[in-house]
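Colleague: Provided below for reference: sequence and predicted model.
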Amino acid sequence: MPTGLLAGTIIGAGVFALPYIFNAVGLSAGIFYLILGAAAYSAIHLMYADLVVETGNNRRFVGLAELYLGKGASMLGLLMAVVQMVFVMTIYLALSVSFLNLVFGDDFTIYKIAAFWVFGSLAIFLRAKRLAFLETLISWGMIAIIAIIFVVGLNRTEALSGAALDFNLSYFLLPLGPIFFSLAGRVAIPSVVEYFRLPGVGHNRALIKKTIVWGTVIPAVVYAAFVFGILGISPSVSDDSVTGLVGYAPGWLLLTIGVLGILSLWSSYIVVGLDVKNTLGLDFKISAFLRDAIVVISPLILYLAGFQNFLELVAFVGGIFLALESVFIVLMWLKARKRNKNLPFLRKFPPALSALIIAPFVLALIYEILKRFS
C-alpha cells in the first residue's frame, strides 16, 4: 500500500513528455537518464524521509527549510512551492488541449481551454470530502492510459527499429528537467513514513527504505513501458505524445485515451489548485478572496501570456523549481547529518558523496537558466 501511494503520486503528466525526449536524445540514452533520475530521486526521497523522521513528522518542506537553512530559505522555499504549483496547473491547461482534441476534434481550441479552466476552477471550491475520489481517479486514469498504449504498442514492435538508438550529443542535458518533473514524489514521503507508525504496522526502517526505493523505481519502469508503447505505435512522436498518435492509432484508442486523459488532468488540476489555495491561506495568511483569485486566475494568465508549450513548461518546472527543491533537501540532510550521524535511512551514506546526488540537479538548473538567456 505505501509503495503504491508513493508510485501513484509520482506517476503523472510528466510521462507524456518522455517519448519525445527519448526519441530526440536516443532511446538507449533516454533509458540511461531514466535510471539516473530514479537513482537520484531514490536518494532524495530517502534524505527527505530522514528529515521527516528526525523532526517527528510535524514539519513539511518549508518548515524543514526554516529549521535547517534559516528563515530566508524557508520563505524562498514557500514562494518556490506556490509558483511551482501554479505552473503545474498551467501545464495541465496546456496538455488538456491535446486530450480534448482527441475527443472533440481540432476546432475551437480556445473554447475547449476555457471550458476545462471553468470546470476545474469551479470544482476547486467544492468541499474536500466531495473530492476524495480524485486521487484514485488520477492514478487509475494514468495507469489505464499507459497500460493501453503499452499493450497496443507491443503488437507493433517493428516500428521501434525506427527509434533513435544512438546518443545525440546535441541534446545532452535536455532530458534532465522533464525526467525530474516526472519522478518527483517528495510530497508523498511524510504519508509513507506515517503509514508505518500506524498501530499494528510496525516502524521497520528497512521496510520503509525498501518501500521508498521501490515506490520511486516502479514509476520509472512504467514510464519506460509507456515510451516503448508510444514509439511502437507512432513513427512521428509529438512533444505531448498523444497528438502524434492521430493517424496511426485506431479511433477507439484515441477516444479512450482522450476521455481518460481529460478526467485525469481535470482531477489533477483540482487537487493542485486546492493545495495552492491551502498554502496561500495557511502559510501566507492571505485573505480568502485574494487566494481564490490567485488560484483561479494565475494559471489562465500564464497560459494566455504564452506559456503554452507543454514540453517547455515541464522542462522549466523540473529543471528550475524541482531541481532547487532537491538541492535544498540535500543541504538540509547534510545539516541534519552533522547533528545526528545515526539518521535512520542513509546513516551509512558518506556525506561527501552528496555531491554526486546534487550534481545532476545543479546541471539541470544551469541548463534551464542558460537556455532562457541564450
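Modeller: Noted; the coordinates are in hand.
Colleague: what about residue 172, how many residues close to it?
Modeller: 13 (other C-beta atoms under 10 Å). Where you see a C-beta, it was placed from the backbone N, CA and C, and this is true even at glycine.
Colleague: Quick check: pLDDT value at the residue nearest to it when sequence neighbours are not counted.
Modeller: Spatially, and ignoring its direct neighbours in sequence, residue 172 is nearest to residue 25 (7.8 Å; C-beta to C-beta, 6 or more residues apart in numbering). Residue 25 carries a pLDDT score of 89 in this model.
Colleague: Ok, residue 1 next?
Modeller: 67.
Colleague: can you check residue 157 too?
Modeller: pLDDT, residue 157: 57.
Colleague: Extract the residue ranges of the stretch 101-250 of the chain that are flagged as low pLDDT.
Modeller: Counting by pLDDT under 70, the stretch 101-250 of the chain has low-confidence residues at 126-137, 155-168, 198-203.
Colleague: quick revisit: my read is that the residue nearest to residue 172 contacts residue 175, right?
Modeller: Yes: using C-beta atoms under 8 Å, residue 25 makes contact with residue 175 at a distance of 5.5 Å.
Colleague: quick revisit: what degree of burial does the residue nearest to residue 172 show, as a neighbour count?
Modeller: Using other C-beta under 10 Å, residue 25 has 23 other residues around it.
Colleague: Using neighbour counts, pick out the buried residues of stretch 245-261.
Modeller: Residues 245, 246, 248, 249, 253, 254, 256, 257, 258, 259, 260, 261 are the ones in stretch 245-261 that count as buried (16 or more other C-beta atoms under 10 Å).
Colleague: Beyond the helix ranked longest in the chain, next helix or strand please.
Modeller: Longest among the helix segments of the chain by residue count, using DSSP state H, is helix 71-104. Per DSSP states H and E, helix 71-104 leads on to helix 109-123 as the next helix or strand towards the C-terminus.
Colleague: Against which helices or strands is that following helix packed?
Modeller: Here helix 109-123 touches helix 71-104, helix 251-282, helix 288-304, going by 3 or more C-beta pairs under 8 Å, 6 or more residues apart in numbering; DSSP states H and E.
Colleague: try it again with 7 Å
Modeller: helix 71-104, helix 251-282 (3 or more C-beta pairs under 7 Å, 6 or more residues apart in numbering; DSSP states H and E).
Colleague: buried set for that helix?
Modeller: Buried, per 16+ other C-beta under 10 Å, within helix 109-123: 112, 113, 116, 117, 120, 121, 123.
Colleague: Could you do stretch 23-32 as well?
Modeller: 23, 24, 25, 26, 27, 29, 30, 31.
Colleague: from the chain's centre, how far out does the helix or strand containing residue 21 sit?
Modeller: Assigned by DSSP H and E, residue 21 falls within helix 18-25. Chain-centre distance of helix 18-25: 17 Å, with C-alpha atoms, centre = their mean, to the nearest Å.
Colleague: Now tell me what touches it from outside.
Modeller: Contact partners of helix 18-25, identified using C-beta atoms under 7 Å, 6 or more residues apart in numbering, comprise 30, 163-164, 167-168, 171, 174-175, 178, 182, 223, 226-227, 230-231, 237-239, 241, 311.
Colleague: what's the closest non-adjacent residue to residue 248?
Modeller: Take residue 248 and drop its neighbours on the chain: the residue closest to it by C-beta to C-beta, 6+ apart is residue 234, 4.4 Å away.
Colleague: other SSEs contacting the helix or strand containing residue 315?
Modeller: Using DSSP H and E, residue 315 sits in helix 310-316. Applying 3+ C-beta pairs under 7 Å, 6+ apart, one finds that helix 310-316 makes contact with helix 71-104, helix 176-183.
Colleague: Mind listing what's buried along the following helix or strand past the shortest one?
Modeller: Next along the chain after helix 176-183, taking DSSP H and E as the criterion, comes helix 189-195. Under the neighbour-count criterion of 16+ other C-beta under 10 Å, helix 189-195 has 189, 190, 192, 193 buried.
Colleague: Quick one: mean pLDDT for stretch 86-97?
Modeller: Across stretch 86-97, the average pLDDT comes to 94.
Colleague: Give me the distance between that stretch and the centre of its chain.
Modeller: Centroid separation between stretch 86-97 and its chain, computed with C-alpha atoms, centre = their mean, is 12 Å.
Colleague: Now for the closest residue in space to residue 116 that isn't next to it in sequence, how many residues are close by?
Modeller: Using C-beta to C-beta, 6+ apart and skipping the chain neighbours, the partner closest in space to residue 116 is residue 96 (4.6 Å). If you count neighbours by other C-beta under 10 Å, residue 96 ends up with 24.
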